[in-house]
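In: Build me a model:
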Amino acid sequence: MSEQDVLQQARAYVTDNFLYMRKNKELADTDSLLRTGVISSLGMMELVAWVEETFGLVVDPADITEQNFDSLANIARFVSEKRSLSAA
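Out: A predicted model of the protein is given here:
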């Protein structure tokens, strides 16, 4: 699965679960999910749980950072890197 595939799945999840009342909201791949109000801290935990379940990963508490989860692009990069490390 490519990073682009992960990005598309993350976009679909965020749109369906956090933007369902704001279907017309434009969300760029690099937009901050927290600063734009797309998700709250509770939503972040839901997002982490989705990543673990969907991609079969274990996300360490130390991995739950803005660098890894604050945008769709960051999520896609994180998942791709974590999957390649676990495959090695």
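In: Can you give me the buried ones in the lowest-mean-pLDDT helix or strand in the chain?
Out: The weakest-scoring helix or strand in the chain, judged by mean pLDDT, DSSP states H and E, is helix 72-87 (a mean of 91). Buried residues in helix 72-87, counted by 16 or more other C-beta atoms under 10 Å: Leu72, Ala73, Asn74, Ile75, Ala76, Arg77, Phe78, Val79, Ser80, Lys82, Arg83. The way it works is simple: take the backbone N, C-alpha and C, and place the C-beta from them, glycine included.
In: The last one contacts Ser2, correct?
Out: It stands for Arg83. No: Arg83 lies out of contact with Ser2 (C-beta atoms under 8 Å); the separation is 10.5 Å.
In: what's stretch 18-35 in contact with?
Out: Stretch 18-35 is contacted from outside by 7, 11, 14-15, 36, 38-41, 43-44, 47, 66, 69-73, 76, using C-beta atoms under 8 Å, 6 or more residues apart in numbering.
In: For that stretch, list the C-alpha coordinates in CSV.
Out: Backbone C-alpha positions of stretch 18-35 (Å, rounded to 0.1, in the frame of the first residue of the first chain) are rendered in CSV as follows:
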residue,chain,number,x,y,z
PHE,A,18,-15.4,14.6,11.5
LEU,A,19,-16.6,16.7,8.5
TYR,A,20,-20.0,15.0,7.9
MET,A,21,-21.7,18.3,9.0
ARG,A,22,-19.4,20.4,6.9
LYS,A,23,-19.3,18.6,3.6
ASN,A,24,-18.2,21.7,1.7
LYS,A,25,-15.1,22.3,3.9
GLU,A,26,-11.9,22.3,1.9
LEU,A,27,-9.2,20.4,3.6
ALA,A,28,-5.7,20.4,2.1
ASP,A,29,-3.4,17.5,2.8
THR,A,30,-1.1,19.7,5.0
ASP,A,31,-3.9,21.6,6.9
SER,A,32,-3.7,21.2,10.7
LEU,A,33,-6.6,19.0,11.8
LEU,A,34,-6.4,20.5,15.3
ARG,A,35,-5.9,24.2,14.5
